[in-house]
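Asks: Return atomic coordinates for the entry below.
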Amino acid sequence: MTTTPHDPTPRLDRRGFLTLAAAGVAASAFTVTVGTLHAAPARAGEAGASTAALAPRKRELRAMWISSVVNIDWPSRTGLGADEQRDEFLHWLDVAERFRLNAVFVQVRPTADAFWPSPFEPWSQYLTGVQGQDPGYDPLAFIVEEAHRRNLELHAWFNPYRVSMQTDPAQLVPEHPARVHPEWVWAYGGKLYFDPGLPEVQEHIQQAILHSVEHYDLDGVHFDDYFYPYPVSGQTIPDEATYAAHGAGFDDIADWRRHNVDTFVHSISERIKTLKPWVKFGISPFGIWRNRSSDPAGSETGGSQSYDLQFADTRRWVLEGWLDYINPQIYWQFGLAVADYAALVPWWADVAAASGTHLYIGEALYKVTSGVFTDPAELSNHLAFDRELDAAGRPVHGNVYFSAVHVPADPQGSMSRVLAEHYSRPAIVPAMEWLPATAVRPPVLARATRRGAGVELQWSDAVPPSRRATSFAVYRADGAGIAVDVEDAANLLGTVRAASGVVQRFVDETAAPGRAYRYAVTALDRVWNESAPSAVKRVAR
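Replies: This next block holds a predicted model:
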């Protein structure tokens, strides 16, 4: 492969970190030392591991994936009416609140289709059962509005290249881009895919995604682990003709394929930020980049490698600062020789720390249901390990569960254990300091008054519209002191979305009669930067 010379002048990326390519260093040659910066924390149940409950964290992402492809989660089946679909989605938000999650990742483009009226692709068949049929409402508008009503962060989840879960283009609606441009697609492994090597395909996919970014109040754009398809025994990806036409300068088709995916990821990242700089961009790749036996920069694992099998250089995307967060699917248990959770999370933590990218760990809740995870405490132990790693200076910013249907099912009581041992208090989404901030001011807490079985708070956010808060955090401490420690997660009652007017209200329904409390409120901007607290208001016994 031929390469163009790098600019010899180092530049800073949007986080203020030195970009590797700009400094003349290829990301594939950059080695993050793993396993030597700090000793890995002991796992729960091992010698040296703390058995005491860890203190809650004020800031961490807690999310679940809500899958629409083949109706895994929502809608639960095709053909539901608009009201039934809306009711089902509200149920999933109820679940998120019950387990004290603060974000949902919702699949809105599962197979080159759309959960909104897109000018580029047809309505999804997973809504009505018929591709191209209007469901009678705008699902994306609805899910954004309802998630924000509960102050949950909403990441729209897109599958970039998958066109159909079957191989017959004739089963797609006539206006589908795969039928209008049959040269854009090929069949592989029983499915249809857009050809990632075609520039016109990359442009189409990006326009389809960016339309939703432009027209909806998304908090994030999210991709999963599907880039080039997972290999199928006895089949070859049919892109030789595309390689011949577009692969000049690449002596190896695998390098060319990685280049195609790199180009797509880098370009969509830049275009999202140009359109709306505050919208987060994150990817949830297969959990192994490369094994150390294949690459000295890899992890101490022995499983499949996304770099080689999906042509996804996930490590590079992190090191180059193209992502706001990386969400690797570490869907394995402690002690699994080929992919030990205890080996992979520290590896990813060190890679992410090199660029300041946030790290969220994808958790396989479904493997408790299927019986692969035999220990009911497996997931809770994962979180304990992550938090100890974070405390040791190797940041882990949160966890995401696959998939939504398993959260309320609570297999073996595993999610109840997570709730009791780690999510006993609410948490605020971690702020990303490189995203544009709003200079929100401390609210003016006017009163705290007992009303029936609770305490009603009232405050004002009397600032210019450009400085108004998106939401507020409410804190409570026992007793009649003069301050509330807003850095203590135990004092966080929760967050509430800003109402349309200046005056804001919140009712603390957990306040016990006959107890003295003191309250404070802070303002949060749309990317979760927090103001100083208000003055304290006290409620006597």
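Asks: mind listing what's buried in stretch 267-274?
Replies: 268, 269, 272, 273 (16 or more other C-beta atoms under 10 Å). Just so you know, the C-beta spots here come from the backbone N, C-alpha and C atoms, and that holds for glycine as well.
Asks: Run through who's touching it.
Replies: With C-beta atoms under 8 Å, 6 or more residues apart in numbering as the test, stretch 267-274 has contacts from 14, 202, 206, 209, 210, 213, 221, 279, 281, 322, 323.
Asks: now for those, which pair is the farthest apart?
Replies: Spatial extent of those (C-beta to C-beta) is set by the pair 14 and 202 at 22.2 Å.
Asks: who's more crowded, these two?
Replies: With neighbours defined as other C-beta atoms under 10 Å, residue 14 and residue 202 compare such that residue 202 has more, 21 against 17.
Asks: That one: which element?
Replies: helix 199-215 (DSSP states H and E).
Asks: and that helix, how far out from the chain's middle?
Replies: 20 Å (C-alpha atoms, centre = their mean, to the nearest Å).
Asks: So which other helices or strands are in contact with that helix?
Replies: On a contact count with 3 or more C-beta pairs under 8 Å, 6 or more residues apart in numbering; DSSP states H and E, helix 199-215 meets strand 103-109, strand 191-194, helix 253-275.
Asks: for it, which positions count as buried?
Replies: 201, 202, 204, 205, 206, 208, 209, 210, 211, 212, 213.
Asks: Same question for stretch 172-179.
Replies: Buried residues in stretch 172-179 (16+ other C-beta under 10 Å): 172, 173, 176, 177, 178, 179.
Asks: just stretch 502-511 next, same as before
Replies: 504, 506, 508, 511.
Asks: can you redo those residues as TSV with distance to residue 526, pLDDT and secondary structure?
Replies: Listed next are the buried residues of stretch 502-511 as TSV, based on distance: C-beta to C-beta, whole Å; pLDDT from 0 to 100; DSSP: H, G, I helix; E, B strand; the rest coil:
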residue	distance to residue 526	pLDDT	secondary structure
504	16	96	strand
506	19	96	strand
508	25	97	strand
511	29	96	coil
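Asks: Out of those, which is nearest to residue 484?
Replies: residue 508 (12.9 Å).
Asks: ok, the residue in the chain sticking out farthest from the centre to residue 369 distance?
Replies: Going by C-alpha atoms, centre = their mean, the residue of the chain most distant from its centre is residue 541, 42.7 Å out. From residue 541 across to residue 369, the span is 47 Å (C-beta to C-beta, to the nearest Å).
Asks: ok, the contacts of stretch 267-274 vs residue 302, which is closest?
Replies: Using C-beta to C-beta, the contacts of stretch 267-274 come closest to residue 302 at residue 323, 26.1 Å.
Asks: residues contacting that closest one?
Replies: Residue 323 neighbours (C-beta under 8 Å, 6+ apart): 265, 269, 281, 282, 283, 317, 357.
Asks: Narrow the residues you listed to those in strands?
Replies: Residues of the contacts of residue 323 located in strands (DSSP state E): 281, 282, 283.
Asks: Now the buried members of these.
Replies: 281, 282, 283.
Asks: the domain parsing of this protein - what is it?
Replies: With domains defined by automatic domain parsing, the chain comprises 27-160+197-224+262-421, 444-539.
Asks: how close does residue 456 get to residue 471?
Replies: 18 Å.
Asks: can you pull the contacts of the residue nearest to residue 470 when sequence neighbours are not counted?
Replies: Spatial nearest neighbour of residue 470, excluding adjacent residues (C-beta to C-beta, 6 or more residues apart in numbering): residue 526 at 4.2 Å. Residues near residue 526 by C-beta under 8 Å, 6+ apart: 219, 278, 438, 470.
Asks: farthest-separated two in those residues?
Replies: 219 and 438 (14.4 Å).
Asks: More neighbours: which of the two?
Replies: Remark: of residue 219 and residue 438, residue 219 carries more neighbours, 22 against 19, as counted by other C-beta under 10 Å.
Asks: hang on, the earlier thing: now the buried ones among the ones in strands among the contacts of residue 323 in CSV, with pLDDT?
Replies: Formatted as CSV, these follow (pLDDT from 0 to 100):
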residue, pLDDT
281, 99
282, 98
283, 98
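Asks: which one among those gets closest to residue 105?
Replies: Looking across these and measuring by C-beta to C-beta, the closest to residue 105 is residue 282, at 8.8 Å.
Asks: now residue 399: how far from residue 228?
Replies: For residue 399, the distance to residue 228 (C-beta to C-beta) stands at 27 Å.
Asks: between these two, who's got more neighbours?
Replies: Applying other C-beta under 10 Å to residue 399 and residue 228 shows that residue 399 carries more neighbours, namely 26 against 23.
Asks: right, and out of the contacts of residue 323, which lies closest to residue 515?
Replies: residue 282 (41.7 Å).
Asks: The closest residue to that closest one other than its chain neighbours: what's it in contact with?
Replies: Excluding its sequence neighbours, the residue lying closest to residue 282 (C-beta to C-beta, 6+ apart) is residue 325, at 3.8 Å. The contact partners of residue 325, by C-beta under 8 Å, 6+ apart, come to 61, 280, 282, 357, 358, 359, 360, 397.
Asks: so who does the second one touch?
Replies: The reference is to residue 280. So residue 280 contacts 155, 219, 220, 221, 324, 325, 432, 435, 527 (C-beta under 8 Å, 6+ apart).
Asks: mind checking pLDDT for residue 312?
Replies: Looking at residue 312, its pLDDT reads 98.
Asks: That one is in contact with residue 227, isn't it?
Replies: Yes. In this structure, residue 312 is within contact of residue 227 by C-beta atoms under 8 Å, at 4.6 Å.
Asks: which neighbours do those two share?
Replies: Contact with both residue 312 and residue 227 is made by residues residue 261, according to C-beta under 8 Å, 6+ apart.
Asks: who's more crowded, the two?
Replies: Legend: neighbour count by other C-beta under 10 Å for residue 312 and residue 227, higher for residue 227 (29 against 26).
Asks: give me the low-pLDDT residue ranges for the stretch 151-300 of the chain?
Replies: Within the stretch 151-300 of the chain, no range satisfies pLDDT under 70.
Asks: Please determine how far residue 417 is located from residue 382.
Replies: For residue 417 relative to residue 382 (C-beta to C-beta), the value is 11 Å.
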